[in-house]
Each structure stands twice: as structure tokens, then as C-alpha cells.
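Chemist: Structural data only, the sequence is not supplied:
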């Protein structure tokens with residue numbers, strides 16, 4: 001156990017003094033600390049000679065690098081929960097920075113580096129932290145996973161603690177049941193999310209399509225699954241609110257599961273195309289060069305995207321790449337024209353809204369102004385109804401300038417015109433959205449074809465071609 005900018009044995013008291021000095025963390029609901037865990041692969045112990053002392057040294061250096069100026073407690077455990085065997089380190093920091101430090105690239109707000117300001121665990125910071133841990137593991141020759149890629153099975157600290165406490169409570173209940181000479185019906189506590197994951201895994205393994213998968217989940221586990229905006233969301237039988245695929249992990253999302261269904265039928269994959277994605281150039285991708293595991297995954301993904309590109313070209317009847325490029329250029333021009341048109345219609349809608357606003361305002365205050373015109377003591381009446389009279393005069397002046405011929409359109413007609421224009425804009429925006437997707441696919445296919453054709457050129461010829469281009 002080590003302390004950073006504090007004595008580890010008096011970490012809590014020293015943090016309280018820092019908080020008091022900067023007048024921070026006075027409320028009960030204030031975030032007073034942040035907890036990070038660096039977990040090492042169990043295989044590092046036997047294969048790479050990792051010890052608790054070495055892990056503590058590595059983690060302490062990482063803490064100094066990532067949490068400068070903060071009071072921190074760094075504690076390494078030589079065994080994980082449930083005797084999993086993985087060495088892991090807890091880093092707990094005070095949420096208030098004690099001393100000022102040099103500004104870091106991940107800091108995106110003023111004073112992030114100053115003393116007395118609170119730690120912000122932003123996506124930018126977390127990605128930097130993960131990259132730093134991955135680089136250090138590589139330097140130390142330790143096993144590593146791609147921390148920057150979305151997790152196949154996403155378990156948050158909150159869910160982990162809920163499972164742990166739930167299991168403890170279940171064990172206590174089961175012990176009493178056993179003491180009474182009975183047999184517990186369940187020995188493993190499952191969070192609602194883990195229940196969903198297990199059910200999805202079981203049903204996906206035996207389903208050949210989404211419809212079959214959907215039916216099995218409902219019949220066997222009373223779980224409802226729907227597709228919404230290109231993603232799956234699941235409803236646990238004991239919940240009212242759905243849980244999205246993002247919360248569960250990539251393994252439980254539409255993209256992964258659709259590929260799982262396709263692999264069941266070797267013929268289907270030849271005809272069903274997933275969304276096109278760019279092929280990644282492994283020669284220039286820094287992340288791939290740093291992580292062999294990531295590079296291997298990219299190679300497999302590239303093969304799939306090349307196949308998808310060929311299927312896309314065949315499906316859309318492109319005989320040459322020039323045909324594809326011409327279609328892409330024409331689609332971009334069409335998009336530009338459609339965007340200009342919808343921008344004009346939005347401008348028309350703003351004008352129409354003003355017509356409706358001032359027409360309604362005019363008629364709503366017309367009677368008050370009529371009484372004002374007839375009033376014997378106009379000054380007194382105006383003072384008593386100043387707001388209504390001002391609104392009437394404002395609407396009257398605007399309508400006079402707008403309707404040069406003096407003929408006003410009725411409020412009913414204006415409302416109907418607005419509804420019609422809104423429907424037209426919605427239709428145009430939907431068409432623009434579809435066209436953008438089309439352009440994205442065309443552009444991706446075009447770039448992928450360039451990549452595929454370049455791969456087929458022998459290296460000496462490719463070099464000669466580059467020389468000629470120069």
C-alpha cells in the first residue's frame with residue numbers, strides 16, 4: 001500500500017483537510033473520491049513472473065502519471081474475488097486536486113490543471129488512461145486486451161457490486177434453508193442484466209433468424225426484444241423499462257447477433273449484406289501496429305467488408321468503378337439540391353409561424369383596442385390595458401408591412417398551410433436521410449474498391465506506379 005501526496009495511513013484525514021482548504025465537498029451528495037481498478041491477467045503470474053510487489057510498482061507509476069497533484073491511495077491485492085487468481089490494484093483519489101500541475105492533452109476545460117479543482121472522469125481522460133495502461137503492459141511484456149474497443153460483455157462497477165451483494169444475501173438465505181433440512185431452489189444470484197445475457201446467449205445459439213430468436217426469448221424466458229433505430233433493446237420480465245444492447249455489451253447487439261444467425265446458414269451469407277464499412281489499412285493504423293490482437297481482428301473484419309463491398313456492387317448493377325463514381329457524384333449533387341430546397345421550406349415555415357403568431361395576437365387583442373378607440377379617457381384606459389394594446393399595435397404594424405395589399409389570410413387557412421408544409425419538410429428530411437445513407441455506402445464502396453485493387457497490384461509495380469505519380 002502506498003500513498004500519493006499523502007500518508008496512506010491518514011489518507012482520509014488529509015483529504016478532509018484539502019477539501020476544507022478549498023471549500024469543496026461540503027454537501028453529502030458531492031463526489032468526494034474516484035475509484036479506479038487495474039486488473040492484470042492471471043496468466044501473467046505463471047507466464048510472465050508478475051508478483052504483487054511488481055504490480056504495485058507498475059500501478060504506482062501509472063497513478064503518478066495519470067493523477068498528478070491528487071492525493072491517492074494505491075493498494076494491490078494478490079488475489080481476485082472468488083479466488084480468480086488475478087492480481088489487481090485499487091487506485092482511490094480525492095476528487096479535489098491538492099497541487100497545481102502542468103496542463104495535459106486530455107484536459108478540455110479551463111483550470112483543469114489548477115489546485116482546488118475537481119477531477120472529471122471524461123471519455124477523453126478514460127481513453128488516455130486506458131491507452132497508457134495498454135502501453136505500459138506492452139512495455140512490461142504482460143498480457144493485454146484492447147481496452148479501447150467496446151466490451152463484448154459490459155459489466156459496470158455498479159452491476160458487479162450488485163451481483164456480489166445479491167450473492168451474499170442469497171447465500172445467507174440458502175444457509176437457513178439448508179439448516180431447516182431443505183434444498184435451495186437457486187444457488188447463483190443473477191442481476192437482471194446477467195439474466196438477459198444468459199438468455200440471449202442460449203437463444204442465439206439455436207436461432208437462424210431474428211424472428212426465431214425473438215420467439216424463443218419470449219417463450220422460454222419471457223423476455224421481449226425489439227429493434228429500434230438499428231439497435232436491439234430487451235425488456236426483462238420484472239422491469240417496465242427496456243435495457244439497450246449498449247448496456248449489455250457488443251455481443252448482445254444487432255450487428256453481432258445478425259452475424260451469428262448468418263453463420264448458421266453458409267448460403268445465406270452470400271446474399272445478405274451487412275452495413276458497409278471502410279477497410280482498415282493495417283500498414284498505417286497505429287493501434288493495429290501496437291496490438292497484435294487488434295490487428296488480427298481487423299484482418300477478419302477487412303475480409304468481411306471486402307465481401308460486403310463485392311456484394312454491394314453486384315446488387316446495384318455497377319459494371320465498372322467509373323459507374324459507381326458517377327453515381328456517387330450525381331447523388332452528392334442531388335443531396336445538395338434537396339438540402340437547398342428543404343432550407344427554403346424551413347424559411348417559409350418560419351415566416352408562416354410569424355403570420356400565425358401575429359394574426360392570432362391581432363384578433364386576441366382587437367376587442368380591447370376597439371374599446372380603447374371609443375374610450376373617453378384614453379390615457380387612463382391605455383394605462384390599465386397597456387400590455388394588450390401594445391400587443392395589438394405590434395401585430396397590426398407587422399401585418400400591415402407583410403400584407404401590402406391589405407388582404408389578410410385567415411388563421412384557419414394559415415394553420416392548414418403550416419400542417420401541409422410541415423409534412424412536406426418531414427418527407428424531404430426523410431429523403432435526405434436516406435440519400436445520405438446511400439452516399440455513405442457509395443463512398444465506402446468506392447474507397448474499399450480502391451483498397452482491393454491496390455492489394456492486387458504486385459509490390460514492384462505498385463512502387464513504380466507511385467514513382468510515376470510523383
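Modeler: Now that the structure is in, tell me what you want to look at. What you see is a predicted model; the values in this text were computed from it and never measured.
Chemist: mind showing which ranges of the chain have poor pLDDT?
Modeler: 80-85, 145-146, 148-150, 263-302, 455-470 (pLDDT under 70).
Chemist: Using the record's assignment, carve it into domains.
Modeler: 2-148, 158-272, 324-461 (automatic domain parsing).
Chemist: now the strands for the stretch 251-400 of the chain?
Modeler: With strands called from DSSP state E, counting those that start in this stretch, the stretch 251-400 of the chain shows none.
Chemist: Show me the helices in it, by range?
Modeler: Assigned by DSSP state H, counting those that start in this stretch, the helices in the stretch 251-400 of the chain fall at 254-263, 286-290, 292-315, 321-364, 366-374, 378-384, 386-402.
Chemist: between those, which one is nearest to residue 165?
Modeler: Closest to residue 165 of the helices of the stretch 251-400 of the chain is helix 254-263 (Cβ to Cβ; 30.0 Å). Bear in mind the C-beta positions are built from the backbone N, C-alpha and C, glycine included.
Chemist: May I see the buried residues of the closest one?
Modeler: 254, 257-258, 260-262 (16 or more other Cβ atoms under 10 Å).
Chemist: do stretch 427-443 as well
Modeler: 428, 432, 435, 438-439, 441-443.
Chemist: chain center to whichever strand or helix holds residue 434, what's the gap?
Modeler: Assigned by DSSP states H and E, residue 434 belongs to helix 411-456. How far helix 411-456 lies from its chain's middle: 23 Å, per Cα atoms, centre = their mean, to the nearest Å.
Chemist: Compute the inter-axis angle for that helix and helix 321-364.
Modeler: 160 degrees (axes from the mean of the first three to the mean of the last three Cα atoms, to 10 degrees).
Chemist: What is the nearest of the buried residues of stretch 427-443 to residue 29?
Modeler: For the buried residues of stretch 427-443, the nearest to residue 29 is residue 432 (44.2 Å; Cβ to Cβ).
Chemist: residues contacting the closest one?
Modeler: The contact partners of residue 432, by Cβ atoms under 8 Å, 6 or more residues apart in numbering, come to 335, 338-339, 342.
Chemist: Quickly list what residue 224 is bridged to.
Modeler: residue 235 (DSSP bridges).
Chemist: From residue 199, how far off is it?
Modeler: 11 Å (Cβ to Cβ, to the nearest Å).
Chemist: Any chance you could list residues touching both of those two?
Modeler: residue 217.
Chemist: circling back to that earlier point, out of the helices of the stretch 251-400 of the chain, nearest to residue 109?
Modeler: helix 286-290 (26.8 Å).
Chemist: Report the secondary structure state of the residue nearest the centre of the chain.
Modeler: Centroid-nearest residue in the chain, with Cα atoms, centre = their mean: residue 246, separated by 7.9 Å. Three-state call for residue 246 (DSSP: H, G, I helix; E, B strand; the rest coil): helix.
Chemist: and the buried residues of stretch 427-443, which two are the farthest apart?
Modeler: Between any two of the buried residues of stretch 427-443, the greatest separation by Cβ to Cβ is 21.8 Å, found for 428 and 443.
Chemist: now the residue lying farthest from the centre of the chain: how far from residue 383?
Modeler: Computed with Cα atoms, centre = their mean, the maximum C-alpha offset from the centroid of the chain is found at residue 376, amounting to 67.1 Å. Residue 376 sits 14 Å away from residue 383, going by Cβ to Cβ.
Chemist: before we move on, the earlier item: format the buried residues of stretch 427-443 as JSON lines; extra columns: distance to residue 140.
Modeler: As requested, the buried residues of stretch 427-443 are arranged in JSON lines below (distance: Cβ to Cβ, whole Å):
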{"residue": "428", "distance to residue 140": "57"}
{"residue": "432", "distance to residue 140": "51"}
{"residue": "435", "distance to residue 140": "51"}
{"residue": "438", "distance to residue 140": "48"}
{"residue": "439", "distance to residue 140": "46"}
{"residue": "441", "distance to residue 140": "43"}
{"residue": "442", "distance to residue 140": "46"}
{"residue": "443", "distance to residue 140": "42"}
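Chemist: out of the residues you listed, which one sits closest to residue 156?
Modeler: residue 441 (34.4 Å).
Chemist: In this structure that closest one contacts residue 309, no?
Modeler: No - applying Cβ atoms under 8 Å, one finds residue 441 not in contact with residue 309, separated by 9.5 Å.
Chemist: Just want to know which of residue 224 and residue 199 has more residues nearby.
Modeler: residue 199 (21 against 14; other Cβ atoms under 10 Å).
Chemist: Just give the number of residues close to the residue lying closest to that one once chain neighbours are set aside.
Modeler: Using Cβ to Cβ, 6 or more residues apart in numbering and skipping residues adjacent in sequence, the residue nearest residue 199 is residue 221, 4.1 Å away. Look at residue 221: counted by other Cβ under 10 Å, it has 18 neighbours.
Chemist: Same question for residue 196.
Modeler: Count around residue 196 with other Cβ under 10 Å applied: 24.
Chemist: Next, find the distance separating it from residue 102.
Modeler: 45 Å.
Chemist: got it, and residue 245?
Modeler: If you go by Cβ to Cβ, the gap between residue 245 and residue 102 works out to 40 Å.
Chemist: ok, those two, which is more surrounded?
Modeler: For residue 245 versus residue 102, the count of surrounding residues by other Cβ under 10 Å is larger for residue 245: 23 against 8.
Chemist: Report the contact partners of the more buried one.
Modeler: 231-234, 252-254.
Chemist: List just the nearest of the residues you listed to residue 156.
Modeler: residue 252 (14.5 Å).
Chemist: what separates that closest one from residue 114, distance-wise?
Modeler: Noted for residue 252: a distance of 42 Å to residue 114, by Cβ to Cβ.
Chemist: who's more crowded, those two?
Modeler: residue 252 (26 against 13).
Chemist: I'd say that one and residue 198 touch.
Modeler: No - using Cβ under 8 Å, residue 252 makes no contact with residue 198, being 10.6 Å away.
Chemist: so what sits against both of the two?
Modeler: With Cβ under 8 Å, 6+ apart, residue 252 and residue 198 have no common neighbours.
Chemist: returning to that earlier point: now do the contacts for the residue nearest to residue 199.
Modeler: Counted by Cβ under 8 Å, 6+ apart, residue 221 has contacts 195, 199, 203, 237.
Chemist: Restricted to buried residues, select the residues you listed in PyMOL.
Modeler: Under the burial definition 16+ other Cβ under 10 Å, those of these that qualify are selected in PyMOL by:
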select buried, resi 195+199+203
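Chemist: May I see the contacts of residue 221 organised as JSON lines, with distance to residue 170 and secondary structure added?
Modeler: Shown next, in JSON lines, are these (distance: Cβ to Cβ, whole Å; DSSP: H, G, I helix; E, B strand; the rest coil):
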{"residue": "195", "distance to residue 170": "14", "secondary structure": "helix"}
{"residue": "199", "distance to residue 170": "19", "secondary structure": "helix"}
{"residue": "203", "distance to residue 170": "25", "secondary structure": "helix"}
{"residue": "237", "distance to residue 170": "19", "secondary structure": "coil"}
